[in-house]
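Novice: structural data only, the sequence is not supplied:
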């Protein structure tokens, strides 16, 4: 009997190799990742970005109150309806100072506010009162109760040197307090008190306010609230 030759050995080796290939094909490692397959994201690549709202535009400034476009300012001067006395007003930022005088001995300083509708109710010493209405910033019309007597009046817008003036000083040891109304046209009506005693006031220079009282020069200045 002949011994198997090299051909048989080669054939056995070939069969063994085929078996190994079949075994690798059927039992090879599973789940081999595809290098070109995108990895399963554990966390989303792009994080959720909150929407950015547009920067809000600046808030418009609050509108002016419709009830009053501007606080009234200015001077007003006129006479009482019976022509016996004069009256003047000084308005600033809604505040009012008024002066009533007859140019001899009766006078009164009053003050208060201008309401949104132009009305005003002013009060002074000894229970004096004044009710008036500012109309279109052109005139003030109303009535004043001074010294127990009522006076109707109309005061027109005054342009300097017309208007209301006042001076306080000490003259020859006496306390002097003077008020002047310079009416449109230049006529003056005023009263000066010396230690509380009233008398007709000397004329002032409305351009400078200079006035001489009992031989001493003092200065009257425009009145503001």
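Specialist: Here it is on my side, so go on. If you're wondering where the values come from, they're calculated on a predicted model, not measured in any experiment.
Novice: so residue 205 versus residue 165, what's the distance?
Specialist: The span separating residue 205 from residue 165 equals 10 Å under the rule CB to CB, to the nearest Å. Where C-beta positions appear, they are placed from N, C-alpha and C, glycine not excepted.
Novice: ok, the two, which is more surrounded?
Specialist: Higher neighbour count among residue 205 and residue 165: residue 165, with 26 against 12, using other CB atoms under 10 Å.
Novice: give me the domain ranges for this structure.
Specialist: If the domains of the chain are taken from automatic domain parsing, they occupy 74-158, 163-222, with pieces of a single domain joined by a plus sign.
Novice: need those in JSON lines with mean pLDDT, can you?
Specialist: Written out in JSON lines, the entries for those read as follows (pLDDT from 0 to 100):
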{"stretch": "domain 74-158", "mean pLDDT": "97"}
{"stretch": "domain 163-222", "mean pLDDT": "97"}
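Novice: burial-wise, tell me which of the ones you listed comes out on top.
Specialist: The highest average neighbour count among those, using mean count of other CB atoms under 10 Å, belongs to domain 74-158 at a mean of 18.
Novice: that one: end-to-end distance?
Specialist: Chord length of domain 74-158, first to last residue, is 8 Å (CA to CA, to the nearest Å).
Novice: please apply the same query to stretch 200-212.
Specialist: Taking CA to CA, the span from the opening residue of stretch 200-212 to its closing residue is 13 Å.
Novice: residue 123 touches residue 129, doesn't it?
Specialist: Yes. Judged on CB atoms under 8 Å, residue 123 makes contact with residue 129 at a distance of 5.7 Å.
Novice: now do the shared contacts for these two.
Specialist: Overlap between the contact sets of residue 123 and residue 129, as judged by CB atoms under 8 Å, 6 or more residues apart in numbering, is given by residue 110.
Novice: what about stretch 201-213, start to end distance?
Specialist: First residue to last in stretch 201-213 (CA to CA) measures 8 Å.
Novice: got a list of contacts for that stretch?
Specialist: Counting contacts by CB under 8 Å, 6+ apart, the residues outside stretch 201-213 that touch it are 103, 160-162, 165, 167, 169, 171, 176, 178-180, 182, 186, 188, 190-192, 217-222.
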